[in-house]
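Student: Attaching a predicted model along with its sequence, questions to come.
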Amino acid sequence: MNKLLVNLMLCLTLAVPAAAMAGQADSDAGDTAGKQSQSLPADKAGIYIYRNSGWMGKAQTKSVWFDGQLLGGLPNESFFFLEIAPGEHTLSSQAEPGQNDLHFSVKAGKSYYFNQVFSRKVPVVGALIGAFVSVAKFEAVGDEDGQTNVLSCEQVQVKNFSVTGIVQPDCVSALESDPELKPISKKVALSGKEDNLFSLLSLDERPAKSERKVIAKWGSKRERCFNANPPPRDNYHQISVDAFNRGQKLILELSKGEMTYGQFAERRKEIKQTSLTEAQALQKD
């Protein structure tokens, strides 16, 4: 239940359960010993997800999704390393479940290797003659081949990845200090944190004309955050999406001056409570 509450609170506040985003290549990634022997906790498995493409798809970067969490784009000749819980897991190259998803099982104390590969697929009828698209998928690789291929790649660090829960993405937190949103920073919970909820509920003023433009910009920034860090593909995915959409509609109404800031805070609180109630009911089914 704790994971559910964390995910939904973030989804409702800026609604995005944050997913993991890839950072800069690790400066120590070239160290051979480090690549070959990542130390593992006794209760965790290790997985290496790497790209070592031939000519097909070499210039492309496709996203990697692990159990519904976005790890980020994986450039050619690079790899992710994760410590994960034993059991069933899924790797995918897209947000929604697809036929190219790889479902696999791991045991604690063991490392596993997965290669992101590209295949050529003819596009839909009507495309230009000779035009093709590359489709990304994953394949399990044996220890010997996996270790050899990882040695030729550079590690890409994964930020904010958690196997026990979803953490708030930097994108959402950054809204609090965004200079473009400063005019409304004391009147709405920009990242969804409700430390000052009581004071927000007491605001009886409607947005000024200049503030309405800032509110609209806030809505656009929230949407970019959501699209970059979609909610996990779990049983609560649709609840998260619906909550975000209701929040966006509410922001649109506020940007038109159709309510006071206090009324906005109250209705936002109601959206959160409704979604939590729906999730709790789903959990009992």
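Tutor: Everything's here; your move.
Student: quick one, phi psi at Ile47?
Tutor: phi -130, psi 140 (degrees, to the nearest 10).
Student: list the contacts for it?
Tutor: Residues in contact with Ile47 (CB atoms under 8 Å, 6 or more residues apart in numbering) are Phe81, Leu82, Ile84, His89, Val106, Ser111, Tyr112, Tyr113, Phe114. For the C-beta atoms, the positions are set from N, CA and C on the backbone; glycine is no exception.
Student: Check the secondary structure at the fourth one for me.
Tutor: In other words, His89. Look at His89: counting by DSSP: H, G, I helix; E, B strand; the rest coil, its state is strand.
Student: what does the last one give?
Tutor: Three-state call for Phe114 (three-state DSSP): strand.
Student: That one against Val106, yeah?
Tutor: No: counting by CB atoms under 8 Å, Val106 is not a contact partner of Phe114; they are 10.5 Å apart.
Student: Please state the mean pLDDT value computed over the helix or strand that contains Ser210.
Tutor: Taking DSSP states H and E as the definition, Ser210 sits inside helix 209-228. In this model, helix 209-228 carries a mean pLDDT of 93.
Student: Give me the residues contacting it.
Tutor: Contacts for helix 209-228 (CB under 8 Å, 6+ apart): 14-16, 21, 70, 169, 171-172, 175, 178, 180-181, 183-184, 187-188, 190, 207, 244, 247-248, 251-252, 254-257.
Student: Which positions in that helix come out as buried?
Tutor: Under the neighbour-count criterion of 16 or more other CB atoms under 10 Å, helix 209-228 has Glu211, Arg212, Val214, Ile215, Trp218, Gly219, Lys221, Arg222, Glu223, Cys225, Phe226 buried.
Student: now the residues you listed as JSON lines including distance to Asp101?
Tutor: As requested, the buried residues of helix 209-228 are exported to JSON lines (distance: CB to CB, whole Å):
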{"residue": "Glu211", "distance to Asp101": "44"}
{"residue": "Arg212", "distance to Asp101": "43"}
{"residue": "Val214", "distance to Asp101": "41"}
{"residue": "Ile215", "distance to Asp101": "39"}
{"residue": "Trp218", "distance to Asp101": "35"}
{"residue": "Gly219", "distance to Asp101": "32"}
{"residue": "Lys221", "distance to Asp101": "31"}
{"residue": "Arg222", "distance to Asp101": "28"}
{"residue": "Glu223", "distance to Asp101": "26"}
{"residue": "Cys225", "distance to Asp101": "25"}
{"residue": "Phe226", "distance to Asp101": "22"}
